[in-house]
Each structure stands twice: as C-alpha cells, then as structure tokens.
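A.B. asks: here's my sequence, what's the structure:
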Amino acid sequence: MKLTIKEIAKLSGVSVTTVSQIMNNKGGRFSEKTRNKVLKVIEENDYAPNYFASNIILKKSKTIGVIAPSGSEQFTSGILQVLRDKLQENGYYLIICESDHQQAREMDLLKKLNQLGVEAIVFFTANQYSSEVIKQGRYLKTPILFVDRGLNQGYYGSILVEEEIGACKAIEWLIRRGNQKIAILTEDATTYHLNERFLGYKRALKEANLPFLVELVQKVPLTIEGGYHGTTQLIHSQPDVSAIFCVDDMVALGCYQAIYDMEKQLYRDIDMVGFDGGAMTELVRPKIRSVKQPLEQFGAILSEKIKKVILYPNERITDVMLDTVFED
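C.D. replies: The predicted model follows:
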C-alpha cells in the first residue's frame, strides 16, 4: 500500500513541511540526523510522490503531449523517436495519444492533455482549426506546435519539407532505368493532401517528354492495405506498367506485398519507389528505395522549438524548410 506524505511525516516524527522540503532538496536548514531519518523512511517504504499533484503545485509537469493519427506511421514514429530521446535529455517525457485522423477525437485529446497539465502539445493533424480553437498558438493555455505540412497557420512556425524535388528525383531515376509507363499510387484525399509529391511526379514526366496518363493514377488510402489493393487493381487494368511511384511508405509496403503475391520480382519485373524513408522499408529484401524525409533533423528542430516555447510562450517562431534525399 502506497504511503502518503502525511504518513511519511508521522513515521519520521517530523512535520509534513519538513518532509516536503527535504524531498525537494530544500532541507538545508535541517540537521543531518533529521534528513537521514526522513530519507530512511522514504527508502524503506519505497515512497514516490504523487506526480500530478506535484505538477499542480509546481505548475511544471515536465511532460509534452503528442496527438498523432497513429504511432505506426513511419513519418510520425521516426520523428517521435528523435523527439523522445532529445527531450528526455532535459527531463521531459512524452504522453502519446492516437486520433486516427478523427477531428472529434483530436478535440477530446486536446482537452484531456490540457487537463493533465502538459507544458506543450505536438499536434500531428490533417485537419484545419480555427482561431477560436487555437488562439495565438494555444489551446486554452497550452502551447500547440503543429506538424501538419503547413495546413494550419502555426503561431510557433511550421517545419516544412521540400517534397516536390524529392519526388521528381525519384521519377527521374525510374526513367533512367528505362521505364516509360510509370504509375502513381497517390492519396485518396480522405486524410492528407500530398500535392507536392504528385506535382513532382508530373514534372519529371514532362521534363522527360513522357505523357501524363490519368489511367496510371490510382488513388488509395495511405495504408498498407490501400497500397496492396491499389497495386493489384492497377496491374490488372494496366498490365504493361513497368514502374510504380508510391507517395507514402505504408502504401509502398502494400505495393511490395502485392508484387510478391503476383509472383513478380521487384527491380527485375517491375520497379517501385516510396516516400518517407522510414525504418520498415530498410528491413525487407530487396529493400524499398524511398525518398527520405529528414526525420532526425525534423525531430531535433522540433525538440528545440518545444524548449523555446516553454520558456518564451509569447514569442512567435518562423517557418523552417528542410530538404528530402533520394539516393539512386
């Protein structure tokens, strides 16, 4: 049974104030004997203070809330791994909540995280929010840092990625490999709008004097299942397709599985590239070539922004633009 601070004080024969000050390293005025007596009782009873009660008093929770559609998304998980490690170096911890892109759930999570007293919220969203909900960068009194491809006008600035050039380089690589009929598995617009990746695809075709064909555009959910079914439908309707550009690595993983189930060999019978460059694409063999997002750099910049926002919540932060990389 967990003891209370009052019970620790009673067992030590001192006041609650004395226990509290010793626990918070403010017991310099007490004798060594008193300090040791209190610390011994704490150690023997494996006492830990009520974390959230302490937060209410100190108004410093050392926690950062995260609202993400899913922790399994490669883009999201890659950033969160870096963010977690960077923030833990400064004694901060993440509380991660999944929203599945549902705006009603996002609103509920904003409310819950604010009630928990997190010091800031990192908000991965594909939904738009009015100034009535997020006013001057805050939900109520909690600073909000959007990760949303610039969809919302973030008070604390957006971290943007130059996606069109990366997509263009990937298609150029497919063309150099002799592919003339290159299809694209793109988003169905139920969640994110990945316009820059689509523009990069069209730009590369135009620069190579290859026609843009509507029948080579397959719109799918940004999931493994979406990639699998989209690839199957595409190959059945367009059997002479020689390469596929997947605008998301989860889609690429589904595409990879469909190619395998159709008894085709990747990079021999058909070429494919993905987009994001997460860890999962490196695990399969042959590995999936992918446009790599600067996930580590993104997470590091985001962690610095969080620390700045906590210290200076009224200061605006400018946007940052990062580059993608495609290694041919």
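A.B. asks: measure the closest residue to Gln74 other than its chain neighbours to Lys202 for me?
C.D. replies: Spatially, and ignoring its direct neighbours in sequence, Gln74 is nearest to Gly278 (2.6 Å; Cβ to Cβ, 6 or more residues apart in numbering). Backbone N, C-alpha and C define where each C-beta goes, glycine included. Distance, Gly278 to Lys202, using Cβ to Cβ, to the nearest Å: 25 Å.
A.B. asks: ok, Arg176 next?
C.D. replies: 18 Å.
A.B. asks: the two: which has the busier surroundings?
C.D. replies: Lys202 (16 against 10; other Cβ atoms under 10 Å).
A.B. asks: got the contact list for that one?
C.D. replies: Listed by Cβ atoms under 8 Å, 6 or more residues apart in numbering, the contact set of Lys202 reads Phe212.
A.B. asks: against Glu263, how distant is it?
C.D. replies: 31 Å.
A.B. asks: likewise for Ser237?
C.D. replies: When distance is defined by Cβ to Cβ, Ser237 is 18 Å away from Glu263.
A.B. asks: what about the two, which has more around it?
C.D. replies: Set side by side, Ser237 and Glu263 show more neighbours around Ser237, with 12 against 7, by other Cβ under 10 Å.
A.B. asks: go ahead and confirm that one touches Glu215.
C.D. replies: Yes: counting by Cβ atoms under 8 Å, Glu215 is a contact partner of Ser237 at 7.3 Å.
A.B. asks: okay but Trp159 is in contact with Val147, surely?
C.D. replies: No Trp there; residue 159 is Ile. Yes: at 7.0 Å, Ile159 counts as touching Val147 under the criterion of Cβ under 8 Å.
A.B. asks: common neighbours of the two, please.
C.D. replies: Any residue near both Ile159 and Val147 by Cβ under 8 Å, 6+ apart counts here, and that gives Leu302.
A.B. asks: and the host helix or strand of Val251, what does it pack against?
C.D. replies: Applying DSSP states H and E as the criterion places Val251 in helix 249-261. The contact analysis (3 or more Cβ pairs under 8 Å, 6 or more residues apart in numbering; DSSP states H and E) places helix 249-261 against helix 74-88, helix 224-237, strand 243-246, strand 271-276, helix 280-283.
A.B. asks: now, of those, which is deepest in the fold?
C.D. replies: Among the helices and strands packed on helix 249-261, the stretch with the highest mean neighbour count (mean count of other Cβ atoms under 10 Å) is strand 243-246, at a mean of 28.
A.B. asks: what helices or strands is that strand leaning on?
C.D. replies: Counting contacts by 3+ Cβ pairs under 8 Å, 6+ apart, strand 243-246 is packed against helix 163-176, strand 182-187, helix 224-237, helix 249-261, strand 271-276.
A.B. asks: out of those, flag the one nearest Ser31.
C.D. replies: Nearest to Ser31 among the helices and strands packed on strand 243-246 is strand 271-276; the distance by Cβ to Cβ comes to 59.9 Å.
A.B. asks: partner strands of that closest one, parallel or antiparallel?
C.D. replies: Note on strand 271-276: by DSSP bridges, its sheet partners are strand 243-246 (parallel), strand 289-292 (parallel).
A.B. asks: what average pLDDT does stretch 136-146 get?
C.D. replies: Average pLDDT, stretch 136-146: 94.
A.B. asks: next, the buried residues of that stretch.
C.D. replies: Gly137, Arg138, Tyr139, Thr142, Pro143, Ile144, Leu145, Phe146 (16 or more other Cβ atoms under 10 Å).
A.B. asks: report the secondary structure state of the last one.
C.D. replies: Think Phe146. Phe146 carries the three-state label strand when classified by DSSP: H, G, I helix; E, B strand; the rest coil.
A.B. asks: which element is Ala9 on?
C.D. replies: Ala9 belongs to helix 5-12, assigned by DSSP H and E.
A.B. asks: after that helix comes which helix or strand?
C.D. replies: Immediately after helix 5-12, counting by DSSP H and E, sits helix 16-23.
A.B. asks: what residues of that following helix count as buried?
C.D. replies: Along helix 16-23, these residues count as buried under the neighbour rule (16+ other Cβ under 10 Å): Thr18, Val19, Ser20, Gln21, Ile22, Met23.
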